[in-house]
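Colleague: Turn this into a model:
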Amino acid sequence: MHRLRRQPASRTRALRRGAGVLLLAIVVAGAYLVLRETGPLPRSPTQTIDAGAPDPFAYSEGRREQLEDRAASGLSHVLYAKSPGGIVASARRTARWRPLIEEVASEGGLDPDLLEAIVLLESAGRSDAVADPQLEGAVGLTQILAGTGQSLLDMRVEVRSSRRLTRRIARAKRAGRESRARALAAARRRVDERFDPRAALEGTARYLSFARGELGRDDLAVVSYHMGVGNLDGVIEAFGGQEAPSYARLFFDSTPARHAVAHRRLRGLGDDSSTYYWRVLAAREIMRLLGEDPAELDRRAELQTAKNSAEEVLHPDDETERFADPDALEGAWRDGEVRTFPDAPRRTGLKRDRRMGELARRLERGRGLYRGLRPEAYALALYLARMVREGGGGRAPLTVTSTVRDQAYQALLARGNPEATGGYSLHTTGWTFDVSREYASGTQAEAFQSALDPLTALDLIAWVREPGAIHITVSSDAEALLPLLEE
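Modeller: A predicted model of the protein is given here:
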């Protein structure tokens, strides 16, 4: 069961010494409750990020494995959300190819777990997966492009014959002629080896071996499977150094302030190439769970698909405190669990929307009750704003439209706002805030998006694009940012 924070109705104890004493106790208790409901909330100082403080999430070689694990977790949502038939079914389909994967990987001196992860990510274990109906694009178990198969991987890929056979297979299936469809599929595998599971795996193994020879590292070879060796070479050259860096260093240490040219090239690819390796690692973890802890895989699948982002993974419904009503939320303020979200855009880079908390009067409360966040979420908002400014977004602030709510407020909002859920809202936990999509400029919008991506890769946030705002939920791991705050 989820945990609701409720304000005790009274602190009056049982009858003690007669009616007079009881009456006095009731009066005192009533006065106390009125004070709690109407007295001023604690005001937190306006804090900013200390520019000179060490960044707890900056790249260092000692953090490499931790950052890789974070990135695999933070960028795994797409696998759970988009795998055909669900991630468990996709993982089971992929697992059927494990004996063949191990055989091919052994022949090529490759890690079978990584090769299996590529199969899950690329095709969800479907040997007939097609991304491009013209068959010039990605096809088969490992989604090989026609040009790559022909020119680099020495595969037989006759696109015209493959298209003709694909149409005939579809007609045979519509007519219920399954044996005919299977015969045609066998013929297609002979003229287009991308549809042949063994040939596809061997082709991918040849590519990874070639890329490893060009780039000098297994992780970079996997990155290049989506990005291309040429594009990745350009990023590495811009990064500089005598030896090819690990991909974790290339990704996390390329920022607007450090290795800026590499950062621009990496983020400028615009086709998810920069995050491909992390999604491969996420797929590897999914396959591990299928074999070692299927119950945990089921649990993660449920959490990952509960919302349009991974926010319930960060704060599961049955493990997270919610504020049931205004009294409970006020108690959290007084206990220091919620702090003021200030309107100090010049100092913080964040502007508070004047409408924030506009339904408070209907609950007989002031708007200030709904203008706060958990301290960790506030620190992350400041960190995000700094990243946007450093990323070329200019000095104009981001506008934050909403912060903490209680369930009573959320219920009111849901009646008139189709975007507001009537169920479990992360706003009622204090871990979530929304940023308006009305930006000061196109460069600010680009810088904001460029900040969201590494924060997701760090597994510090889960976010989703709504019609008017970006809805951001903050991980409790943002606690590491609290030492950076200064008044």
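
Colleague: For this structure, which segments count as strands?
Modeller: Using DSSP state E, the strands of the chain run over 3-5, 48-49, 321-323, 339-340, 350-352, 372-373, 398-402, 432-436, 461-465, 469-474, 485-486.

Colleague: quick one: contacts for residue 194?
Modeller: 139-140, 144, 146, 149, 155, 157, 200, 203 (C-beta atoms under 8 Å, 6 or more residues apart in numbering). No exception for glycine: its C-beta is placed from N, CA and C like everyone else's.

Colleague: Pull up the gap between it and residue 124, please.
Modeller: Distance of residue 194 to residue 124, given as C-beta to C-beta, to the nearest Å: 16 Å.

Colleague: Of all the strands of the chain, which one is nearest residue 256?
Modeller: strand 48-49 (15.4 Å; C-beta to C-beta).

Colleague: rank the strands of the chain by pLDDT, which is bottom?
Modeller: Among these, strand 3-5 carries the lowest mean pLDDT, at a mean of 65.

Colleague: average model confidence for stretch 270-283?
Modeller: Stretch 270-283 comes out at a mean pLDDT of 94.

Colleague: Give the burial count for residue 43, as a bare number.
Modeller: 11 (other C-beta atoms under 10 Å).

Colleague: Looks like it contacts residue 339 (just checking).
Modeller: No. Between residue 43 and residue 339 there is no contact under C-beta atoms under 8 Å: 9.1 Å.

Colleague: how near is residue 140 to residue 185?
Modeller: Counting by C-beta to C-beta, the gap from residue 140 to residue 185 is 12 Å.

Colleague: For those two, indicate the residue with more neighbours.
Modeller: Between residue 140 and residue 185, counted using other C-beta under 10 Å, the more crowded position is residue 140 (31 against 18).

Colleague: and residue 163, what does it touch?
Modeller: Contacts of residue 163 (C-beta under 8 Å, 6+ apart): 134-135.

Colleague: Over to the one 4 residues further on?
Modeller: For residue 167, the set of contacting residues under the criterion of C-beta under 8 Å, 6+ apart is empty.

Colleague: Same question for residue 277.
Modeller: Here residue 277 is in contact with 219, 222-223, 247, 251 (C-beta under 8 Å, 6+ apart).

Colleague: so what's residue 215 up against?
Modeller: 221, 224, 229, 232-233, 236, 244.

Colleague: Show me the chain divided up by domain.
Modeller: Split into domains by automatic domain parsing, the chain comes to 48-55+310-486, 61-284.

Colleague: one step back: any idea which of the contacts of residue 277 is closest to residue 332?
Modeller: Nearest to residue 332 among the contacts of residue 277 is residue 251, at 36.9 Å by C-beta to C-beta.

Colleague: thought that closest one was touching residue 266?
Modeller: Yes. Contact between residue 251 and residue 266 holds when scored by C-beta under 8 Å: they sit 7.1 Å apart.

Colleague: Those two: which is more packed in?
Modeller: It is residue 251, of residue 251 and residue 266, that has more neighbours when counted by other C-beta under 10 Å, with 26 against 22.

Colleague: Find the residue closest to residue 142 in space, skipping its chain neighbours.
Modeller: Of all residues not flanking residue 142 in the chain, residue 204 sits nearest, at 4.2 Å (C-beta to C-beta, 6 or more residues apart in numbering).

Colleague: Look up how far residue 83 lies from that neighbour.
Modeller: According to C-beta to C-beta, residue 204 stands 19 Å off from residue 83.

Colleague: Neighbour count: those two, which is higher?
Modeller: Taking other C-beta under 10 Å, residue 204 and residue 83 do not tie; residue 204 has more neighbours (26 against 23).

Colleague: check contacts around the more buried one.
Modeller: Contacts of residue 204 (C-beta under 8 Å, 6+ apart): 115, 118, 142, 144, 225.

Colleague: mind listing what the first one touches?
Modeller: What that stands for is residue 115. Per C-beta under 8 Å, 6+ apart, neighbours of residue 115: 101, 104-105, 201, 204-205, 208.

Colleague: Identify, among the helices and strands of the protein, the element with the weakest mean pLDDT.
Modeller: Each helix and strand of the chain was given a mean pLDDT (mean pLDDT, DSSP states H and E); the minimum falls on helix 19-38 at a mean of 36.

Colleague: Out of the contacts of residue 215, name the ones that lie in helices.
Modeller: Mapping these onto helices (DSSP state H) picks out 221, 224, 229, 232-233, 236.

Colleague: now, which of these sits nearest residue 357?
Modeller: Nearest member of the ones in helices among the contacts of residue 215 to residue 357, counting by C-beta to C-beta, is residue 232, at 47.9 Å.

Colleague: Mind jotting down where the helices sit in the stretch 1-150 of the chain?
Modeller: 19-38, 64-74, 77-82, 87-95, 98-108, 112-123, 146-151 (DSSP state H, counting those that start in this stretch).

Colleague: Mind checking these for the one nearest to residue 483?
Modeller: helix 64-74 (17.9 Å).

Colleague: mind listing what's buried in the closest one?
Modeller: 67-68, 70-74 (16 or more other C-beta atoms under 10 Å).

Colleague: Quick one: the residues you listed as CSV, columns for distance to residue 57 too.
Modeller: Formatted as CSV, the buried residues of helix 64-74 follow (distance: C-beta to C-beta, whole Å):
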residue, distance to residue 57
67, 8
68, 13
70, 9
71, 11
72, 15
73, 14
74, 12
